[in-house]
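In: no sequence on this one, just coordinates:
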């Protein structure tokens with residue numbers, strides 16, 4: 001009975017979440033068309049709405065630990081569900097994602113993503129896309145801010161191991177910027193797929209930055225070690241058995 005009630009609460013939450021995506025997207029549209037600042041304000045508002053409504057609708061509170069960066073950095077995060085996208089973006093002042101090109105055609109999400117400076121990447125052509133992005137940054141064409149990349153390239157369920165992609169190391173080396181690793185346990189409560197949302201405390205944790213200067217192999221090994229260790233700790237804290 002308890003599971004059924006929580007599932008129904010989760011269903012209502014998920015439905016209203018997508019309704020509010022459209023409401024906020026349409027409501028901010030005139031400002032967003034005129035200014036990237038308006039697009040960012042819309043995205044921030046949606047992040048706050050989802051985190052707030054998750055707390056009272058399904059008992060899922062959100063917590064950001066560590067110090068979110070405010071300068072221009074590469075943010076290399078673990079990705080478990082849609083929630084960590086919202087929490088990370090909501091925590092930094094000028095976040096922009098490397099996103100799958102297919103998302104450009106997703107209503108609201110794609111258009112707003114482009115307006116805030118997200119970089120679309122073709123599947124199977126990421127090397128070329130990264131080179132283009134690095135060139136854009138060098139020419140000053142990309143908007144300044146925190147460039148967020150998911151180091152494993154996709155959502156990874158708790159307890160599942162996937163390699164860290166070389167693209168993150170290429171960006172780290174080419175941009176010559178600090179990298180801020182981000183760990184999370186959100187997948188314990190908000191799965192990759194499905195309706196059910198567990199009550200609890202979903203956490204994203206900004207870890208100490210990795211200074212520029214490491215070679216790609218050393219950087220990638222350190223990034224994986226730090227993010228996986230911290231994420232395992234957060235998942236155990238949430239009651240997940242590794």
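Out: Structure received. All values reported here derive from a predicted model rather than from experimental measurement.
In: right, and the helix or strand after the helix or strand bottoming out on mean pLDDT in the chain?
Out: Here the helix or strand of the chain ranked lowest by mean pLDDT, DSSP states H and E is helix 126-138, holding a mean of 68. Next helix or strand after helix 126-138 toward the C-terminus (DSSP states H and E): strand 146-150.
In: Each with direction, which strands does that following strand pair with?
Out: When pairs are called by DSSP bridges, strand 146-150 turns out to pair with strand 73-77 (parallel), strand 95-100 (parallel).
In: where's it relative to the chain centroid, distance-wise?
Out: Relative to its chain's centre, strand 146-150 lies at 8 Å (C-alpha atoms, centre = their mean, to the nearest Å).
In: mind listing what's buried in the next helix or strand after it?
Out: Once strand 146-150 ends, the next helix or strand along the chain (criterion: DSSP H and E) is helix 166-175. Buried residues in helix 166-175, counted by 16 or more other C-beta atoms under 10 Å: 166-172, 174-175. All C-beta atoms are positioned from the backbone trio N, CA, C, and that covers glycine.
In: counting contacts, what elements does helix 166-175 pack onto?
Out: Packed against helix 166-175 by the contact rule (3 or more C-beta pairs under 8 Å, 6 or more residues apart in numbering; DSSP states H and E) you find strand 73-77, helix 126-138, strand 146-150, helix 216-237.
In: Between those, which one is closest to residue 189.
Out: Comparison of these against residue 189 by C-beta to C-beta identifies helix 216-237 as nearest, at 10.3 Å.
In: contact partners of the closest one?
Out: The contact list for helix 216-237 (C-beta atoms under 8 Å, 6 or more residues apart in numbering) reads 76-78, 151, 158-159, 164, 166, 168-170, 172-173, 179, 181-185, 187-188, 203, 205, 207, 210, 214, 242.
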